[in-house]
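Trainee: let me see the structure of the following:
(4 chains)
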Number of protein chains: 2
Amino acid sequence: MRIVRNRNEEMNTKKKVKALQTYNETGLRKTKQRALIMEIIRRERHLDADEVCRRARAEQPRLSLSTVYRTLQTLKEKGLVEEVHFDEAHHHYETKPASEHHHLVCLGCGQVIEFCYSLVHFIKEDVAEARDFEITGSEVRMTGYCPTCRRSK
Amino acid sequence: MRIVRNRNEEMNTKKKVKALQTYNETGLRKTKQRALIMEIIRRERHLDADEVCRRARAEQPRLSLSTVYRTLQTLKEKGLVEEVHFDEAHHHYETKPASEHHHLVCLGCGQVIEFCYSLVHFIKEDVAEARDFEITGSEVRMTGYCPTCRRSK
DNA sequence: ATTTCTATTGCGAACTATTCGCATTTAGTA
DNA sequence: TACTAAATGCGAATAGTTCGCAATAGAAAT
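Mentor: You can find the predicted model right below:
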């Protein structure tokens, strides 16, 4: 564990409120890189880090892949971005959605469909109670074949 | 796509039946390595490749990590093993369970609890119909904190 | 039991995803 | 405008996984 000495933590209440109004209430500095990354994943969902970087470099050619990773990590910690896990051995990212949703992945063409299901929330509450867990996240992923890919098999 | 020329495919029916009785109906050759890997993941659930390899080497010190990866992959294709995805950027494996189950992971101590929920199956059928997908797999994962870890926070 | 055929293995190198250290730049203050 | 710490870019390091290939070893045929 390292000690995080965040500017905000040292401020008095009045200043803190002011600070929190900058950059989307996160207390993070506004940078072109971060804004662009945020914009890209807001526009297109469940990209992986490399895809984010490639898209971003169209506008900021010198953007570093490390920065992309660091930024996604930071935004995830701030709760603005969610990491999703498909079958692949790397992560995908998306802006935190208003309503909880889940993923249906076609193994043929790779398309990802998002779907909502209030039952999932119910399961979550139920599991939390049954196992006495404080549940912080849940992810439902289904894989299969879309109509088109099924036909061409 | 490469052409798979499997011995069994060339056999006549009579011989084929005989072959299928060897090594658990899979048509795979019986090897010490494969048997050991299978035994290890049957005994202990959701290990990752490296953990499987370390445990196996207690008995077969020269076992190669590549073999572990290849074997898990093969067994997965044959439907004997399932790959599960936690938050980490690598896979975990378990023998295919009799009944579909899901995972609850404690972010504090890392323990994994398996739970069953027939509702999940219902959701699966429902999504399949609504989106016209042939669904081949589903995975539900919840993360949070167990009672013990919650107390020590 | 011996031979034959090819699946499987071990090894090291290659590859992909991710993180880290550090010098440099830059946003937000004072 | 100057100061300070956050954020960036770069290249190296690490972790997980796959690949190529020669050597080994199951299973079928003799």
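Trainee: partners of the most centrally placed residue in chain A in the sheet?
Mentor: For chain A, the residue sitting closest to the mean C-alpha position, by C-alpha atoms, centre = their mean, is A:E82 at 2.1 Å. Taking DSSP bridges, one obtains A:E94 as the residues bridged to A:E82.
Trainee: for A:I113, list each beta-bridge partner.
Mentor: On the basis of DSSP bridges, A:I113 takes part in beta bridges with A:L104.
Trainee: list the contacts of it.
Mentor: Taking C-beta atoms under 8 Å, 6 or more residues apart in numbering or on different chains as the definition of contact, the neighbours of A:I113 are A:H103, A:L104, A:V105, A:C106, B:R131. Yep, even glycine has a C-beta here, placed from its N, CA and C like the rest.
Trainee: among the residues you listed, who's most crowded?
Mentor: Neighbour counts for the contacts of A:I113 were taken using other C-beta atoms under 10 Å in any protein chain shown; the highest belongs to A:L104, with 23 neighbours.
Trainee: tell me the SS of A:E125?
Mentor: Assigned state for A:E125: helix (three-state reduction, DSSP: H, G, I helix; E, B strand; the rest coil).
Trainee: what's the burial count for it?
Mentor: Burial measure for A:E125: 11 neighbouring residues, criterion other C-beta under 10 Å.
Trainee: quick one: residues contacting it.
Mentor: A:E125 makes no contacts at all, as judged by C-beta under 8 Å, 6+ apart.
Trainee: what's the distance between it and DNA strand C?
Mentor: A:E125 sits at a distance of 30 Å from DNA strand C (criterion: C-beta to the nearest atom of the strand, to the nearest Å).
Trainee: same deal with A:Q33?
Mentor: Taken as C-beta to the nearest atom of the strand, the span from A:Q33 to DNA strand C is 9 Å.
Trainee: is that residue in contact with A:L65, as I believe?
Mentor: No. Assessed by C-beta atoms under 8 Å, A:Q33 is found out of contact with A:L65, at 11.6 Å.
Trainee: returning to what we had before: for the residue nearest to the centre of chain A, give me its contacts.
Mentor: Neighbouring residues of A:E82 by C-beta under 8 Å, 6+ apart: A:K76, A:Y93, A:E94, A:T95, A:K96, A:P97.
Trainee: tell me if A:M142 really is in a strand.
Mentor: Yes. When classified by three-state DSSP, A:M142 is found to be part of a strand.
Trainee: roughly how far apart are it and A:E94?
Mentor: Note on A:M142: its distance to A:E94, by C-beta to C-beta, to the nearest Å, is 17 Å.
Trainee: the more surrounded of the two?
Mentor: For A:M142 versus A:E94, neighbours defined as other C-beta under 10 Å are more numerous around A:M142 (23 against 19).
Trainee: give me the distance between the more buried one and A:E88.
Mentor: In terms of C-beta to C-beta, A:M142 sits 15 Å off from A:E88.
Trainee: check A:R42 too.
Mentor: As judged by C-beta to C-beta, A:R42 and A:E88 stand 22 Å apart.
Trainee: go on, A:I41?
Mentor: From A:I41 over to A:E88 the distance is 17 Å, taken as C-beta to C-beta.
Trainee: what is the burial count for A:T67?
Mentor: 17.
Trainee: list the contacts for the nearest residue to it once chain neighbours are set aside?
Mentor: Across the structure, with C-beta to C-beta, 6 or more residues apart in numbering or on different chains as the measure, the residue nearest A:T67 apart from its sequence neighbours is A:Q33 (5.5 Å). When contacts are counted by C-beta under 8 Å, 6+ apart, A:Q33 touches A:A56, A:Q60, A:L63, A:T67, A:T71.
Trainee: could you redo the last one with a cut-off of 10 Å?
Mentor: The contact partners of A:Q33, taken as C-beta atoms under 10 Å, 6 or more residues apart in numbering or on different chains, are A:A56, A:Q60, A:R62, A:L63, A:S64, A:T67, A:V68, A:R70, A:T71.
Trainee: thinking again about what came up before, ok, and the most crowded of the contacts of A:E82?
Mentor: Ranked by neighbour count under the definition other C-beta under 10 Å, those are headed by A:Y93 with 24 neighbours.
Trainee: one step back: Serialize the contacts of A:I113 to JSON lines and add fields for distance to DNA strand D and pLDDT.
Mentor: Shown next, in JSON lines, are these (distance: C-beta to the nearest atom of the strand, whole Å; pLDDT from 0 to 100):
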{"residue": "A:H103", "distance to DNA strand D": "19", "pLDDT": "95"}
{"residue": "A:L104", "distance to DNA strand D": "22", "pLDDT": "95"}
{"residue": "A:V105", "distance to DNA strand D": "17", "pLDDT": "94"}
{"residue": "A:C106", "distance to DNA strand D": "19", "pLDDT": "93"}
{"residue": "B:R131", "distance to DNA strand D": "28", "pLDDT": "96"}
